[in-house]
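Student: following is a predicted model, sequence given first.
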Amino acid sequence: MKTINNIDEIRFQEALKRVKKIKGFYIHTIVYVVINLMIVIVNIQNLDEGEHYFQFRNFTTLFFWGIGLLAHGLSVFLPNLFLGKKWEERKIKELMEKEKNSKWE
C-alpha cells in the first residue's frame, strides 16, 4: 500500500509543479498585454501632428518581449521538444556510466 501512496504523491507533486509553470506563463502573458497596451497608449498620446504611429521604434518592446514570451510558452507547453524525458534518461545513464568507469580506473 505504501508504494501506491508514494506514486500518488509523486504524481501530485509533478502536477503541482506543472500547474505552477502554467500559472507563471499566464501571469507573464497578462503583464505583457497590460504593459504593452499602456506603452501603445502613451506613444499615441505623444505623437506629433502629422506623425503616424506605425514605426518600428513603437514596436520594439512589443516585438522583443514577445520573443521572450514565446520562448516561455514553448518551455511550458512543449517541454519535451528538445530536452524531454528521453534526453534526461539518456543523460543520466551516460553520467552514471562515466562515474562507474572513472571509479574502476
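Tutor: Structure's in. What do you need?

Student: could you use CA atoms for every contact and neighbour count after this?
Tutor: OK.

Student: what about residue 80, which SS state?
Tutor: Assigned with DSSP: H, G, I helix; E, B strand; the rest coil, residue 80 falls in the coil class.

Student: look up how far residue 44 lies from it.
Tutor: Applying Cα to Cα, to the nearest Å, the value for residue 80 to residue 44 is 41 Å.

Student: equivalent analysis for residue 33, please.
Tutor: 16 Å.

Student: next one: residue 92
Tutor: Taken as Cα to Cα, the span from residue 92 to residue 44 is 54 Å.

Student: what's the answer for residue 72, then?
Tutor: 29 Å.

Student: and the most centrally placed residue in the chain, helix, strand or coil?
Tutor: Nearest residue to the geometric centre of the chain (Cα atoms, centre = their mean): residue 72, 2.5 Å. The local conformation at residue 72, judged by three-state DSSP, is helix.

Student: report the helix or strand with the lowest average pLDDT across this protein.
Tutor: When the helices and strands of the chain are scored by mean pLDDT, DSSP states H and E, helix 85-104 comes last with a mean of 80.

Student: give me every residue that touches residue 68.
Tutor: If you count contacts by Cα atoms under 8 Å, 6 or more residues apart in numbering, residue 68 has none.

Student: let's test this: mean pLDDT of the helix or strand harbouring it, rounded?
Tutor: In the assignment (DSSP states H and E), residue 68 maps to helix 60-77. Mean pLDDT, helix 60-77: 92.

Student: equivalent analysis for stretch 30-43, please.
Tutor: 92.

Student: for that stretch, give me every contacting residue.
Tutor: Taking Cα under 8 Å, 6+ apart as the rule, stretch 30-43 contacts 53, 58, 61, 62, 65, 66, 69.

Student: could you point out which of those is nearest to residue 26?
Tutor: residue 69 (10.0 Å; Cα to Cα).

Student: got the contact list for the closest one?
Tutor: Shown in contact with residue 69 (Cα under 8 Å, 6+ apart): 28, 29, 32.

Student: how big is the angle separating the longest helix anywhere in the chain from helix 60-77?
Tutor: Scanning the chain for the helix with the most residues, using DSSP state H, yields helix 2-45. Here the directions of helix 2-45 and helix 60-77 differ by 170 degrees (axes from the mean of the first three to the mean of the last three Cα atoms, to 10 degrees).
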